[in-house]
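Engineer: pasted the sequence and its predicted model underneath.
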Amino acid sequence: MTQPFLPAAADARGRAPTLGVLGGGQLGRMFLHAAQQMGYETAVLDPDAASPAGRVAHAHLQAAYEDPQALQHLAELAHAVTTEFENVPAVALKTLALHVPVSPSAAAVAVCQHRAREKAFIQAAGVSCAPFADVVDEAGLATAANRPELFPGLLKTATLGYDGKGQRAVATAADLPAAWADLGHAPCVLEKRLDLRVECSVIVARGRDGACVHLPVQQNLHRGGILAVTQVPAPDVSAAQSQAAVAAAQRLAAALDYVGVLCVEFFVLADGSLVANEMAPRPHNSGHYSMDACDVSQFELQVRTLAGLPLTPPRQHSPAVMLNLLGDLWFPDGAEQPPRSPDWAGVLALPGARLHLYGKTDARPGRKMGHLNIVGADAAEVREVALQACRVLGLPPF
Ligand code: ADP
Ligand code: MG
């Protein structure tokens, strides 16, 4: 087993302990902040000069993810490397893994990168998911069209989908060919549209020794396929459902032989049963509340798993509501008008409001610009303050 590399202890070559991340988005930025808080130096590989993580890293290697020289450089700088997005090219993780510990592994990421592989994996691990069919060619399309139990359904691209992108609703089999054409005949899965009572997710962190801890179950509200609100404790998820979700997430992490932070999204159906939706091989938007509501955040868990540090069970000390702040907030009068900064002073005047902005200068509708955590001593009070924040920001109530 790799020895833990402790912060603030130089190695034999005199290098300060350095953690690296592939990908410079907001998840990478918050990971770097957690690493820096614990005394690590940080390095990020991202092609974008203005990437949120690149701008706060000790070293920003500005190059393509598959650039052999940049990967070599990252492996020299960092004592261990993680990723912050699941579409990272497998070759990048594999190349790095020849030189430094990399977690999660390329194999685990590959499962999460591909919806059909992911669903097959979930089922093989004994966890239920929505009924589905692979649609990769005309024959697959015809087979799927002949399964009435899959309609009404959702056709989702097997790869590269996020925030509801790459999905088409298909009411009946007759809609399937046009939906598939609309998705460019890319490999897809057709999934039955389920009657969701509520959505929730669980974040687990698993170390190289197999030790596994988890955050409490998060209740998630999506609008237009994008996460809008997370509430923890989850008001509409029973204790038994929470236990089942945690057990399923831990089982999936073990089946993947996973090292790192893994998020599993679940649907609670009208009959109360639980099905897994998808997995993210990294911290997740629904875990952001942990930054202010838990003694160990999802990003610190990522640092700990990567550096081989002890994993203590995180404890939530405050009820929390997280509001996602999308670029739409900058355009209260429509996307044609120049952007206007939201009323941060009004939001920050609310008790227990913790504002996190990702340093993105360019607001666009649908773009994740930041999040607002509301914490407090009492869940009802936190909800009340969060509703006030919604009014200040012009967000719909939840
Ligand atoms: P993404 O990768 O974009 O997050 P998801 O598969 O998680 O894709 O879908 C986004 C959202 O769409 C889900 O959180 C849920 O609200 C809705 N959704 C996805 N699949 C289904 C389904 N089979 N039945 C009902 N709603 C679904
Ligand atoms: Mg999702």
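Structural biologist: Sure thing, it's come through. Numbering: from 1, shown residues only. Ligands and ions are numbered 1, 2, ... in the order given.
Engineer: identify the residues contacting the helix or strand of the chain with the lowest mean pLDDT?
Structural biologist: Of all helical and strand segments in the chain, the minimum by mean pLDDT, DSSP states H and E falls on helix 90-97, at a mean of 93. Defining contact as Cβ atoms under 8 Å, 6 or more residues apart in numbering, one finds that helix 90-97 is touched by 22, 45, 65-66, 68, 71, 74-75, 81, 83, 102, 105-106, 109-110, 113. Where C-beta positions appear, they are placed from N, C-alpha and C, glycine not excepted.
Engineer: among those residues, which ones lie close to ligand 1?
Structural biologist: Judged by Cβ under 6 Å from any ligand atom, the overlap between the contacts of helix 90-97 and the neighbourhood of ligand 1 is nil.
Engineer: quick check: buried residues in stretch 340-350?
Structural biologist: Residues of stretch 340-350 classed as buried: 342, 344, 347, 350 (neighbour count, 16 or more other Cβ atoms under 10 Å).
Engineer: what about it, start to end distance?
Structural biologist: One end of stretch 340-350 sits 21 Å from the other (Cα to Cα, to the nearest Å).
Engineer: over to stretch 45-61?
Structural biologist: When the termini of stretch 45-61 are compared using Cα to Cα, they are 5 Å apart.
Engineer: in that stretch, which residues are buried?
Structural biologist: Under the neighbour-count criterion of 16+ other Cβ under 10 Å, stretch 45-61 has 45-46, 51-61 buried.
Engineer: over to stretch 96-109?
Structural biologist: Residues of stretch 96-109 classed as buried: 96, 100, 101, 102, 103, 104, 105, 106, 108, 109 (neighbour count, 16+ other Cβ under 10 Å).
Engineer: export those as CSV, with columns for secondary structure.
Structural biologist: Formatted as CSV, these follow (DSSP: H, G, I helix; E, B strand; the rest coil):
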residue, secondary structure
96, helix
100, coil
101, coil
102, strand
103, coil
104, coil
105, coil
106, helix
108, helix
109, helix
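Engineer: pLDDT weak spots in the stretch 251-398 of the chain?
Structural biologist: Counting by pLDDT under 70, the stretch 251-398 of the chain has no low-confidence residues at all.
Engineer: interface residues of it facing ligand 1?
Structural biologist: If contacts are counted using Cβ under 6 Å from any ligand atom, the residues of the stretch 251-398 of the chain sitting beside ligand 1 are 265, 277, 278.
Engineer: give me the number of residues near the closest residue in space to residue 68 that isn't next to it in sequence?
Structural biologist: Taking Cβ to Cβ, 6 or more residues apart in numbering as the measure, residue 68 lies nearest to residue 95, with 7.0 Å between them; neighbours along the chain are not counted. Residues lying near residue 95 (other Cβ atoms under 10 Å) number 20.
Engineer: same question for residue 273.
Structural biologist: Look at residue 273: counted by other Cβ under 10 Å, it has 13 neighbours.
Engineer: ligand 1 versus that one, what's the distance?
Structural biologist: Residue 273 sits 13 Å away from ligand 1, going by Cβ to the nearest ligand atom, to the nearest Å.
Engineer: residues contacting residue 110?
Structural biologist: 90, 117.
Engineer: wait, a helix at it?
Structural biologist: Yes. Assignment of residue 110 by three-state DSSP places it within a helix.
Engineer: how close does the residue nearest to residue 68 sit to ligand 1?
Structural biologist: Between residue 95 and ligand 1 the distance is 26 Å, computed by Cβ to the nearest ligand atom.
Engineer: and that residue, how close does it get to residue 22?
Structural biologist: Here the criterion is Cβ to Cβ, to the nearest Å. By it, residue 95 lies 11 Å from residue 22.
Engineer: what does residue 12 give?
Structural biologist: With the distance defined as Cβ to Cβ, residue 12 ends up 25 Å from residue 22.
Engineer: who has more neighbours, those two?
Structural biologist: Neighbours around residue 12 and residue 22, counted as other Cβ under 10 Å, are more numerous at residue 22. The numbers are 24 against 5.
Engineer: just confirm that one contacts residue 83, I think it does.
Structural biologist: Yes. Taking Cβ atoms under 8 Å as the contact criterion, residue 22 and residue 83 are neighbours in contact, 4.4 Å apart.
Engineer: for the residue of the stretch 201-350 of the chain found nearest ligand 1, helix, strand, or coil?
Structural biologist: Here the stretch 201-350 of the chain gets closest to ligand 1 at one residue, residue 222, 4.1 Å apart by Cβ to the nearest ligand atom. When the structure is reduced to helix, strand and coil (three-state DSSP), residue 222 reads as strand.
Engineer: what do you get for residue 340?
Structural biologist: When states are read from three-state DSSP, the local structure at residue 340 comes out as coil.
Engineer: contact partners for it?
Structural biologist: For residue 340, the residues meeting the contact criterion (Cβ under 8 Å, 6+ apart) are 330, 331, 332, 333.
Engineer: now do the buried residues in the longest helix belonging to the chain.
Structural biologist: In terms of residue count, the longest helix belonging to the chain (DSSP state H) is helix 239-255. Within helix 239-255, the residues that qualify as buried are 241, 242, 244, 245, 246, 248, 249, 250, 251, 252, 253, 255, counting by 16+ other Cβ under 10 Å.
Engineer: the fourth one contacts residue 239, correct?
Structural biologist: In other words, residue 245. No. Taking Cβ under 8 Å as the definition, residue 245 is not a contact partner of residue 239, at 10.8 Å.
Engineer: where along this structure do the helices fall?
Structural biologist: With DSSP H, the ranges of helices along the chain come out as 26-37, 68-77, 90-97, 106-112, 115-124, 138-145, 176-182, 239-255, 290-293, 298-307, 344-348, 379-393.
Engineer: now for residue 115, how many residues are close by?
Structural biologist: For residue 115, the number of neighbouring residues by other Cβ under 10 Å comes to 22.
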